[in-house]
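Chemist: Generate a structure from the sequence data that follows.
(3 chains)
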Amino acid sequence: MTPPQAPDKGDTAELSETPSAVSHFVPPVRRLETLRHRPDFLKAASARRQGTPGFMLQARDRSDDQPTRVGFTASKKIGNAVLRNRAKRRLRAVARAVLTSLARPGWDYVLVARPQATVSRPFTDLVADLTSALASVHRAKP
RNA sequence: GCGGAUGGCCGGAUGACCACGGGGGGAACCUCGAGGAAAGUCCGGACUCCAUGAGGCAAGGGUGCCGGGUAACGCCCGGCGGGGGCAACCCCAGGGAAAGCGCCACAGAGAAGAGACUGCCUUGGUGCCGGGGUUCGCUCCGGUGGGUCCAGGGUGAUGGUGAAACGGUGGGGUAAGAGCCCACCACGGACCGGGCAACCGGGACGGUAUGGCAAGCCCCACCCGGAGCAAUGCCGAAUAGGGGCCUCACGCGGGACCGGUCCGAAAGGAUACCGCCGCAGGGACGCUUCAGCCCCGAGGCCCGGGUUGGCAGCUUGACCGCCUUGGCAACAAGCGCGGCAGAGGAAUGGUCAUCCAAGGGGGCAACCCCUGGACAGAAUCCGGCUUACAGGCCAUCCGCGCAA
RNA sequence: GCGGGUGUUGUGUAAUGGUAAGACCUUAGCCUUCCAAGCUAAAGACACGGGUUCGAUUCCCGUCACCCGCU
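Modeler: Down below sits the predicted model:
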């Protein structure tokens, strides 16, 4: 299924990023691809994981040269639809702030929201959580 | 000023930086981007498909005072009736109980059509007193009254009850009583008046006959085909152009345009297994009738294989707000102006600053510090209903108090 | 998106409109040297809010929670 359209998306993403990277002084991996399919989530959950006060990080090294992909999970334990959406948005903002510079290409990252904590924890703490969690995940041996 | 009733509205504001989805653009960039309930999915529609329309029947479901409004509704408006409140106002599934069936526990004599039981009154016998007669056993006449019992008659609603008891209260009347009579009330009610209607007002007359429950079954009137945008259509890729079992059907006729076959040199003719046409048959939605139409094999079950892409539907519509006119109103009509997201595992966000509202603390006060935004997130689209909601604003009205 | 079902003591279950039953559990007592078992007794509930009815767990309506299907 992937051969027909996957190269197209990769090509357009790289084409649109290379000039902007040159002209605007931003890190090279600016745009993050999102995980959408259930098997990717299951593989990431069975690989490495690291808990933090604000969320849980799951990561997997795909060992290919495709760009970094990120997924977000907020289950029904988080609360109603408003709280679930807010948790996903805050995680997305944290990922955008941290992963653009610290993520490694060819990896999948999944951020799982926690009840109460993901919505109410200060944003700077969440950023620190993700930075330390990334460090421990990258440091771990496969 | 206090308390209350109804209707409507807002439901954080501004700015900066960094991001996201749609549209436009070559690009820079510009522009748009959640709600009053987006919710619950309780109703009604639009739209699409199920091969179509009309009528009837059956089943099932729904609605239920009257009149309007609406595309439609179980919604809204106005009115009526009943109930609550001093009032403003609020609440009510509010048709039919002489079509039929069923139920009415406990208590009670009796719970649905009816008379029994009990009670009251009265007559006779049984008693007592007085008188007469007497064969002293008793008998006759008159008077009188309480109880028991027996026999007969009259009477009707008296009856620890109960949610509900053959109208209620008072008086007359009577042996006792009774609408038996009278007054008032309740009920039924020919008829008259008002109202489109529900209904309201009056009411001769009737002495009372129609207990309650239909949110029990039911009857009556009206309405309803089903499924749902993951509907549906198109494009592309891949694979396949499947296999097995069961049931039903596989008949008749016509014509000679075309293909096949035969005769003929040709024109043409013949033939009917197939293809064509008609009838019949079969197949389809609960049944049926009619019209019309589709297929020739149809239906069912099981096994096997492939796909999980893209585009459309997709948001401008019975739309919303202001204004004018009509209408008590719901609403309708008109013109002008303004507004209206469109994702597709799903955007509308993150951080910071100031201000506003709220809560807490300090202070005589100005003010200062801290906390920190209610319910809640579009998924095809509309009209309603219901539910959740911090705080605030506006308008009208009612009661009480004070002042003039 | 469309539908269906169920809420009863702490738990899992019954019950025709009229006293809510029984089992396990809990508590107390008896029995036993003690425990268990057994016996006796007690406590403990109709999801919530309205309505119909003389009377509602039951009938009707609306919420809430949970569960289950189909696409």
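Chemist: Just the buried residues of whichever strand or helix holds A:Arg89, please?
Modeler: A:Arg89 belongs to helix A:81-102 when assigned by DSSP states H and E. For helix A:81-102, a neighbour-count test (16 or more other CB atoms under 10 Å) marks A:83-84, A:86-88, A:90-91, A:94-95, A:97-100 as buried. C-beta here means a position set from N, CA and C on the backbone, and glycine is covered the same way.
Chemist: pLDDT of the following helix or strand past it, averaged?
Modeler: Beyond helix A:81-102 in the direction of the C-terminus, DSSP H and E gives the next helix or strand as strand A:107-113. Mean pLDDT, computed over strand A:107-113, is 83.
Chemist: Strand A:107-113 and RNA strand B, are they touching?
Modeler: No. Interface with RNA strand B: strand A:107-113 contributes nothing (CB under 7 Å from any atom of the strand), its closest point being 11.6 Å away.
Chemist: Give me the angle between that strand and helix A:81-102.
Modeler: Orientation of strand A:107-113 against helix A:81-102 (axes from the mean of the first three to the mean of the last three CA atoms, to 10 degrees) gives an angle of 150 degrees.
Chemist: partner strands of strand A:107-113, parallel or antiparallel?
Modeler: Next to strand A:107-113 in the sheet, as set by DSSP bridges, lie strand A:55-61 (antiparallel), strand A:69-73 (parallel).
Chemist: quick revisit: of all pairs in the buried residues of helix A:81-102, which one is the farthest apart?
Modeler: In the buried residues of helix A:81-102, two members sit farther apart than any others by CB to CB. They are A:Leu83 and A:Thr100, at 26.3 Å.
Chemist: Looks like A:Lys88 contacts A:Gly71 (just checking).
Modeler: No. Contact status for A:Lys88 versus A:Gly71: not in contact, 10.2 Å apart, counting by CB atoms under 8 Å.
Chemist: Now stretch A:127-135: buried residues?
Modeler: Those would be A:Ala128, A:Asp129, A:Leu130, A:Ala133, A:Leu134, for stretch A:127-135 by 16+ other CB under 10 Å.
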